[in-house]
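Undergrad: The sequence and its predicted three-dimensional model are supplied below.
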Amino acid sequence: MKKRDENLEEHELHEHCHCHEGEECTCGEECDCGEDCTCGDECKCHEHETCECHDEEAGQYLAMAQRLQADFDNYRKRVAEQLDYQREEGKRSVIEVFLPCLDTFKEAKKNIEDEKVLAGINMIENKILEALKTLKVEKIEAVGQKYDHNLHEVIAVLHDNEKEDDIILDEFQAGYKFNGKVIRYSKVIVNKREENKNE
């Protein structure tokens, strides 16, 4: 009789999985849902819920997708930055080629005596400078300014005791900045006061 009861228990063990009763799955048999319980935790497959082993796998795929998205966003930013840099460098190259043309205005004005013609030349020069400003190009102020090694290049020194030291007396060649950075230094003549030899 006892043996018969043991056989009956074994039959019921394989007939009904313990995990259906909310206990830890230890029978190793296939659950009714058609999946093998491998998580070792309380199985809830009969309640149409996902086992924790499936949640962990889904979390890994989600983390992988997030990493790929972050890598793509970084790549897109790098490409945009490179394109911006190349555009700015292209502008800079054209501007540097164009600057010597502006120098001719200064030379031309030295030889023009007619006031009306001179006014016309000045108007054209100013229009060009205004157009360059839209490209973030600006002329460096020189004459009457204090010498600044970050903006000016000294090519000559004159002595005038009536003026302060390092004041720019004249400009040999105009300098320009592009996007706030110097692309050509102003070539200038600065003042140095002479020491009084009688002192």
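TA: Yep, it's here.
Undergrad: Checking the spatially most central residue of the chain next. Helix, strand or coil?
TA: Central residue of the chain (C-alpha atoms, centre = their mean): residue 81, 5.3 Å from the mean position. Each residue gets one of three states, and residue 81 gets helix by DSSP: H, G, I helix; E, B strand; the rest coil.
Undergrad: Can you show me the helices along the chain?
TA: With DSSP state H as the criterion, the chain has helices at 2-15, 52-110, 115-134.
Undergrad: looking at those helices, which is closest to residue 156?
TA: helix 52-110 (16.6 Å; C-beta to C-beta). Every residue, glycine included, has its C-beta placed from N, CA and C.
Undergrad: Check the offset of that closest one from the chain's centre.
TA: A distance of 6 Å separates the C-alpha centroid of helix 52-110 from that of its chain, computed with C-alpha atoms, centre = their mean, to the nearest Å.
Undergrad: tell me what that helix is packed against?
TA: Of the remaining helices and strands, those touching helix 52-110 by 3 or more C-beta pairs under 8 Å, 6 or more residues apart in numbering; DSSP states H and E are helix 115-134, strand 176-178, strand 181-184.
Undergrad: Please write out the alpha-carbon positions of stretch 146-155 in PDB.
TA: Listed next in PDB are the C-alpha coordinates belonging to stretch 146-155 (Å, rounded to 0.1, in the frame of the first residue of the first chain):
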ATOM      1  CA  LYS A 146      48.400 101.300 -28.500                       C
ATOM      2  CA  TYR A 147      50.700  98.700 -29.900                       C
ATOM      3  CA  ASP A 148      49.400  95.100 -29.200                       C
ATOM      4  CA  HIS A 149      51.700  92.200 -30.200                       C
ATOM      5  CA  ASN A 150      48.600  90.100 -30.600                       C
ATOM      6  CA  LEU A 151      47.300  92.300 -33.400                       C
ATOM      7  CA  HIS A 152      50.200  94.300 -34.800                       C
ATOM      8  CA  GLU A 153      53.600  93.700 -36.300                       C
ATOM      9  CA  VAL A 154      56.200  96.500 -35.900                       C
ATOM     10  CA  ILE A 155      58.100  97.200 -39.100                       C
END
